[in-house]
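Peer 1: Any chance you can model this:
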Amino acid sequence: MSEFIPTGRTSLVKSQSLSLQVQTEYAQRPYPRITTTILNGGQVVHKIERKLNEPILSSEEQSKADEIIKVQHQEVLKTIGKGKSNAENSKPRTESADTHADGQRESDSQSSASALPMDEQIKALPGFRFLFPLSLSGKFLDYEEEAVFKSNFQKIHADLNCLFDIFILLPGGDRREQGVYEVEGDHLYLISIGHMFYFASFKRVDVETNYEMLLKEITQPVFI
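Peer 2: Okay, the predicted model is just below:
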């Protein structure tokens, strides 16, 4: 058994009579993985599993796994929180909405688009190449994704810390300023959503798409 075991996380989420327990932890057998389990009254209601290429065998790998556990746990808690908010706000509305020529209500069209997760909206942009998540400290959460990034942007990878410092670390040290920064024109963008980063890459296929503007519009709702 490896001595390098990252620290797991446990949280309790309460909503009226519902009480969910969220656990994120590393396991080495039968294969190395990081799993987030959602339980209701001790019974598993959902499980999210991220397989690792190999067991954790060094302090550096343990540190990266700690970041993965932290981010994965936070993302699940945020998703549960959004679900609670949507349920509380799902009341009939009577306000009017503009109508397109084909009879489709404009508000319905906008609601359908914004209902997609942030990453799916970014992946739907013209010329999308990749979207890689990073921790607040600027560490890639996947070894293979970091290798792909390094092969495409070797000079940028060699000096990443300067990029992350563009977004100021806020008081408390657990969040940064939020925004979108164009690293390479029409090609590579750094996105900060406060508690983590993303690198988004595109290959321009038209002249109309304003990637920076669209990325700001897509990521704005998740800025917290």
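Peer 1: list the buried ones in stretch 13-23?
Peer 2: V13, L20, Q21, V22, Q23 (16 or more other CB atoms under 10 Å). (C-beta placed from N, C-alpha, C; glycine too.)
Peer 1: oh sorry, the question was meant for stretch 154-171
Peer 2: Buried residues in stretch 154-171 (16+ other CB under 10 Å): I156, H157, L160, L163, F164, F167.
Peer 1: Spell out the secondary structure type for E145.
Peer 2: helix (DSSP: H, G, I helix; E, B strand; the rest coil).
Peer 1: surely it meets F132?
Peer 2: Yes: counting by CB atoms under 8 Å, E145 touches F132, with 4.6 Å between them.
Peer 1: Rebuild the buried residues of stretch 154-171 as TSV, extending it with distance to D206, pLDDT and secondary structure.
Peer 2: Output for the buried residues of stretch 154-171, formatted as TSV (distance: CB to CB, whole Å; pLDDT from 0 to 100; DSSP: H, G, I helix; E, B strand; the rest coil):
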residue	distance to D206	pLDDT	secondary structure
I156	25	93	helix
H157	28	92	helix
L160	30	88	helix
L163	27	89	helix
F164	30	90	helix
F167	29	90	coil
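Peer 1: Would you format these as JSON lines with distance to D119 included?
Peer 2: Shown next, in JSON lines, are the buried residues of stretch 154-171 (distance: CB to CB, whole Å):
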{"residue": "I156", "distance to D119": "21"}
{"residue": "H157", "distance to D119": "21"}
{"residue": "L160", "distance to D119": "21"}
{"residue": "L163", "distance to D119": "20"}
{"residue": "F164", "distance to D119": "20"}
{"residue": "F167", "distance to D119": "19"}
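Peer 1: How about I56, nearest residue that isn't a chain neighbour?
Peer 2: F4 (4.6 Å; CB to CB, 6 or more residues apart in numbering).
Peer 1: burial measure for the closest residue to R175 other than its chain neighbours, as a count.
Peer 2: Distances taken as CB to CB, 6+ apart put G194 closest to R175, at 4.8 Å, once the chain neighbours are dropped. Counted with other CB atoms under 10 Å, residues neighbouring G194 total 18.
Peer 1: which one of the buried residues of stretch 154-171 sits closest to T209?
Peer 2: Nearest to T209, judged by CB to CB, of the buried residues of stretch 154-171 is I156 at 21.9 Å.
Peer 1: Would you mind measuring from that closest one to E75?
Peer 2: 25 Å (CB to CB, to the nearest Å).
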